[in-house]
Every structure is written in C-alpha cells, then in structure tokens.
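K.L.:
Please find the sequence and the predicted model below.
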Amino acid sequence: MFTDVVGYTAEAQTNESRALKLLQEQEDLIRPVFTAHEGRVVKSTGDGFLVEFGSALRAVQCAIDIQHHLHERNSQPEVGPIQLRIGIHLGDVEQRGDDIFGDSVNLAARIEPLAEPGGICISEPVFGQVRNKVPNKIEKLEPTVLKNVTIPLDLFRVVLPWTSEGPTATRSLVTRLAVLPFTNMSPEPTDEFFADGLTEDMISELSKLPGLRVIARTSVMRFKGDRKGISDIGKELNVGIILEGSVRKSGSRIRITAQLVDAGTEEHLWSERYDRELTDIFVVQGDISKSIAEALNVQLLQSHRERSQPTRSLNAYSLYHRGRSLWNERGPSALREALRCFEGARDEDPMYAQAYSGIADCFALFFDRNLLPWAQTIPKAKAAAREALLLNDALADGHASLGLALYWEYDWQEADRELLKAIERNPSYAPAHQWRFQLLRSLGREEEAARELARAEEADPLSPVILRYSGYLSWIAGRADDAKRKWERAVGLGGEPEWIAVDLARLYASTGQPEEAVRWLRRYESAMSDNPLRAVWLGYLYATLNLRPEAVRHLERLLSPAGQAFVPPTAVAWTYAGLDDRDRFFEWMVKSADQKSIDPFEIVSQPLLSKWRDDPRYSDLLRRLNVRT
C-alpha cells in the first residue's frame, strides 16, 4: 500500500508551518489504523507511507478505515481538510534490511496517483482477493497504461459511503451495524429499562453473528431520544446498517417492532412486528436476530440458534439492565446503586448468570476507583465471575469479568486467557478489548496493545473511557496535542470529568503550562469534592504546581489516623513523588504492591516516572507486580 497526502506540496509552499502541522496530524491519525490491521510501515515517503500487509483483505480494510477516519475528521467544523490517495497492489517483494523492493512495489506506487482525492485504487490481483469480502461496492476503471508499464492493468476503485455513487446496503451485504435504543412506547416510565435491556440484548445477540461488527451499547445509547437522521448517525458511528424499533408492554403482552435501514440511503431493508407473551421476550430476540441474519445473508451458528433463556424473571431482567446503565456511569454512587440492582436481579433469579457478572464488575470498579481495598473487592469479583461461568460458560461478559479480576491479582496468563475467551464469544464486547489493552501494555507488548485498543475504539467509538485510554497512549508516545484533543472530546461526551481533569492537569504540568494545569486542577478538586478518589493525585499536583504548602497539608491528612476513610497507599506515594522524595515514593509503592493496590499499567506506562526508571527499586517494584523487564 502507498498513501499520499493530496495537495501537500502546494500547501507547503503557501504555508509551511500549517502544512507540517496537518502532516503530523495525518500521521497521528493513520499510524494506529495501520497497527490495528497488522500493517508494517516500511518507510515514510515524506507526505505518505509504504506499508506491507500479510493479506490483500487486511490492506483494503485498513484503507477503508483510514478514509472513514479522515472523513469523520474532515466533517468537523473549522478544520483544514486532510485528503489521502491510497493505492494497493498484490505481489512478491524482495526484502533488503527493513525495506522492500520489486516490480510489485513499483506498480503500487504507480497505482496510488490514480485514486481520487480521499479515495482508494486497487489492482486486479487485489480485487480478486477481496471481492464479496468487504462491505463496499468496487467499480472497474477504464483500462489504464501506467508509466513504464507496457501491459495495461485492470484497476478498480473502492466506492466509499459518502461519495455520490456510494453503495447501497443489500440483502447480501455483511457490514458494520448499530442497534439504536428501542423506543419505550409503554405508559409506565419504569418500562424504560426494559426497552434499554432489549437494545443491549439485541447488540449482544447480533454480535455473535460471524462477519457482522456491531457497535457497543455505550456509543448507541448516546442517540437515545436524539432527533438526528439515520444517515447522520451512520456517519458518526461509521456503520452501513442500522436496526431501530420500539417496544410496548401491556399487561402480560408485549409488542416489538423492528426495522433494518440502509444508513447511506435510508432505504428500509426489512421490518417486522411481533405480538407475544412477555415470557417470550427472548424468543422474540432470537427471531429478530435470525431475520436480520437472513436479510444480510449471514450464517447463523448452530450454537447461536440453540441459545438458552438467560432468565425467566422479567423483574430480574429489568433490574440487571438498570444496573448496567448505572455501571456505565462509573461514579461512586452509581456503582453502589448498580450493585444493589445486580444483587436484586440475582435474588430474583439465582440462576441468572449475567447478574453475577454485573456483581463482579461492580467490585472490580470499587477497587479500580480506590473506593475499597483489594481484600474487600477482588476476591468477591473473582467469586462472582466464576459463579457466572458455572451457570453459563458461553457468557462473554463472565469471561471478561473473570479476566479483569485476575488482572488485579497480577495473574497475567490466566487473565489473558479469559479475556481472549470473551473476545472469541463476542468480538464486539468493547470492555474485553479495553482490559486486554491494559494487560498487554502492562507486559510491554506495545504493538499488540495498540491493536487491541484500536479494536475497542472500533467497537465503541463514542466511549469516553476508551477515548481516555487512547489519549493516554498518545501522551505516552509524546503526542501531547493529540492527547489533549482526545481528552477534551471525552469531556464533551460526558466522560468522567474528574479523571479527564486530572489527566489534563498532569499533562499540562509536565509540558510547562502551569496556568492551564492549575485550571484543570481546580476543576478536578471541584469534581472530586465528596469523593475519596481525589486523594490519589491531588497531592502530586499541588507539589508539582508550586503549591507545596497545600501538598504538605494534604500529605498530613492522608497520614493522619483520625477519622480516616480508606486511603490507597498510592495516594501517599504519588504525593511524595510530587515532592521529589524518591525514597518515600518507592517505600509507599512497595506497600501498595504488597496490598495489590497498584495498577501495573500506570507504573509501566506513566510518562511522569520516566526519570526514575533507571533506579534499581523500579525494577524491584515491577518484580513485585509479577512484571518481568
């Protein structure tokens, strides 16, 4: 694959600094996409790249993703456009060191300029490998004689959804799909969670269909009650097909309507109405899933057709989905209420596996958010996750929950095994990809980690939590501006303002912008005023922003035994780090490791620790975390 920025030379002659800025932004945007599709960047060609892939299909899918990302970026107001031409050819190459040579490379270089701005041009050998395997229409171009190539070569263009001749989703098309929140048509407001549950279960059901990529709950729920058009939602979520519908409960009866819509043309591909008894809700879900599979010509797996009913209690079902809605908010009070809902669902139906998975996830986040110590959380999370899997070993959520609990036990091999099982059972389950990213990054497997995070973003593009980690990865890579942009977008999406605030405060403090750092520090203080989480980074920020008296007072409060709630030792450690007391920092980090209250991801990845990584005590700390260097 060759890429090239359209109009870069002319832009550089007009405004060199702006051209260089756009070039860097382009590189920051597309390099992770190469990584996600297992492409190896052979070299930069100035304003483009030569990239090698293991298969033609991966190369074309990568090119489509790149153009989708750039189209989304160019659709934002008041941004200078970045357009790429992409050319792809298939053939043998000769390896010399890190570079590649041969006629195939030369042909790819000749094909790239024939792509339209923002477009993709492929050769006939590539077309033969990808036809009917990508969701986009592919059109043959007029016969073309390439420079220094004597034999005419058949070339094709990949038609993208926003072009005037974009593809129409057909019954034979398998593509990315979003399930919009089902509208609650019932008179009872309490039935809202029932409608949300139907949405989430349809996402889970359709995610099991091979060849279909389904957007996660976090992203689609942002369109609940939204008046945006189908085509606009399709562009924002980067999907070709949308499922929408409504649900009405009346006594013991339920009516569900569902329709499948082409996101590009808004053409209705399939619709159906179901009038059933409430006890048949899971049968209806299976019927809808089967109809969609037939509409898209997707094979329905035997194990999928024989799925079991997760619970016979509609009250347990509604409690569970109310709990999931609260769990996704991530705040302390929301997590406590979510746990009550999950425990209520379990009490209503002790055989409801998903309720145990929800309980496990609550305890894991109680620990992750420093609300309770390890001994009061992770053993309970692990036990609940194992109970979920005893009831239903096919449950992706259960394997992911167990993987997360094992992560906090620093049992990397078993944690990875469980997370991979979760991804195998539901490739669209974004939390499993996110948690595996953290695990791989903790172990220093950076390229694999980047691919996992890219898959999490693909599955849940509007998740503030995943966007936060994406910004973190940019910061680690030294791309501070990209990190700021992602974190500010996460704030705009409503993502945990306290955590984004502390990220931005730390970043601005580390880049010598104290005024901006203090602004975000004050926002952090305000957001965390009644939250014990504020203890972890507050002292560090006070110290590094020349607010040393406040840092010392904060440290005294942390060390005072009087009336003290749970204080994670990492809070004391990071305050000492801000005060530049290396000895006490490592002393308290060792205490944290012994209590299993350190996130290894933070220790391995945190840019603020770069100056101390040559200290022998740092290596000792990693050994205590079961991380080998």
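P.N.:
Everything's here; your move. Numbers count the residues shown, from 1 in each chain.

K.L.:
Only C-alpha atoms from now on, for both contacts and neighbour counts.
P.N.:
OK.

K.L.:
in the protein, which helix has the most residues?
P.N.:
helix 16-36 (DSSP state H).

K.L.:
then that helix to PDB, C-alphas only?
P.N.:
Listed in PDB are the C-alpha atoms of helix 16-36, where the atom choice follows Å, rounded to 0.1, in the frame of the first residue of the first chain:
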ATOM      1  CA  GLU A  16       4.800  25.600   5.500                       C
ATOM      2  CA  SER A  17       4.000  25.500   9.300                       C
ATOM      3  CA  ARG A  18       0.400  24.700   8.700                       C
ATOM      4  CA  ALA A  19       1.300  22.000   6.100                       C
ATOM      5  CA  LEU A  20       3.700  20.400   8.600                       C
ATOM      6  CA  LYS A  21       1.000  20.500  11.400                       C
ATOM      7  CA  LEU A  22      -1.600  18.800   9.100                       C
ATOM      8  CA  LEU A  23       1.100  16.300   8.000                       C
ATOM      9  CA  GLN A  24       1.700  15.400  11.700                       C
ATOM     10  CA  GLU A  25      -2.000  15.200  12.400                       C
ATOM     11  CA  GLN A  26      -2.400  12.800   9.500                       C
ATOM     12  CA  GLU A  27       0.400  10.600  10.700                       C
ATOM     13  CA  ASP A  28      -1.000  10.500  14.300                       C
ATOM     14  CA  LEU A  29      -4.400   9.500  12.900                       C
ATOM     15  CA  ILE A  30      -3.400   6.800  10.500                       C
ATOM     16  CA  ARG A  31      -0.500   5.100  12.200                       C
ATOM     17  CA  PRO A  32      -2.700   3.400  14.800                       C
ATOM     18  CA  VAL A  33      -5.000   2.200  11.900                       C
ATOM     19  CA  PHE A  34      -2.000   0.500  10.200                       C
ATOM     20  CA  THR A  35      -1.200  -1.200  13.500                       C
ATOM     21  CA  ALA A  36      -4.800  -2.300  14.100                       C
END
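
K.L.:
Can you tell me the closest non-neighbouring residue to Lys249?
P.N.:
Distances taken as CA to CA, 6 or more residues apart in numbering put Ser186 closest to Lys249, at 5.5 Å, once the chain neighbours are dropped.

K.L.:
swap in Pro117?
P.N.:
By the measure of CA to CA, 6+ apart, the closest residue to Pro117 outside its immediate chain neighbours is Arg85, 5.4 Å from it.

K.L.:
I'd guessed the one you found sits against Gly118; true?
P.N.:
Yes - with the criterion set as CA atoms under 8 Å, Arg85 and Gly118 qualify as a contacting pair; they are 5.6 Å apart.

K.L.:
Looking at these two, which has the bigger crowd around it?
P.N.:
It is Arg85, of Arg85 and Gly118, that has more neighbours when counted by other CA atoms under 10 Å, with 23 against 20.

K.L.:
SS state for the residue nearest to Pro117?
P.N.:
In the three-state summary, Arg85 is assigned as strand, counting by DSSP: H, G, I helix; E, B strand; the rest coil.

K.L.:
Identify the bridge partners of it.
P.N.:
Residues found in beta-bridge contact with Arg85 (criterion: DSSP bridges) are Asp4.

K.L.:
who touches it in this structure?
P.N.:
When contacts are counted by CA atoms under 8 Å, 6 or more residues apart in numbering, Arg85 touches Thr3, Asp4, Val5, Val6, Glu112, Pro113, Ala115, Glu116, Pro117, Gly118, Gly119, Ile120.

K.L.:
Where do the domain boundaries of the protein fall?
P.N.:
The record assigns the chain these domain ranges, following automatic domain parsing: 2-158, 176-300, 310-461.
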